[in-house]
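1. Here is my input; please provide its structure:
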Amino acid sequence: MVEYKCFYCNKKVATDYLRKKVRCPYCGSKILFKPRRTITKIKAR
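-> Down below sits the predicted model:
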């Protein structure tokens, strides 16, 4: 499941809401992003 967040208020936005509009339902911002997971790097010996 893809998770989007608002750039301004940092709240999660449901993907089913994004099918209707590309706006944050909380603050009305048009800037949304998908947060990236942290990558764990393993050092080879």
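
2. can you give me the end-to-end distance of stretch 14-27?
-> Using Cα to Cα, to the nearest Å, one end of stretch 14-27 lies 14 Å from the other.

3. If you could redo that for stretch 32-44, that was the one I meant.
-> For stretch 32-44, the separation between the terminal residues is 37 Å (Cα to Cα).

4. Show the low-confidence segments of the chain, by residue range.
-> 1 (pLDDT under 70).

5. can you map out the helices along it?
-> 15-18 (DSSP state H).

6. If you count neighbours, what's buried in stretch 25-40?
-> For stretch 25-40, the neighbour count (16 or more other Cβ atoms under 10 Å) marks no residue as buried. (C-beta placed from N, C-alpha, C; glycine too.)

7. What lies in contact with it?
-> 2-9, 11, 13, 17-18, 22-24 (Cβ atoms under 8 Å, 6 or more residues apart in numbering).
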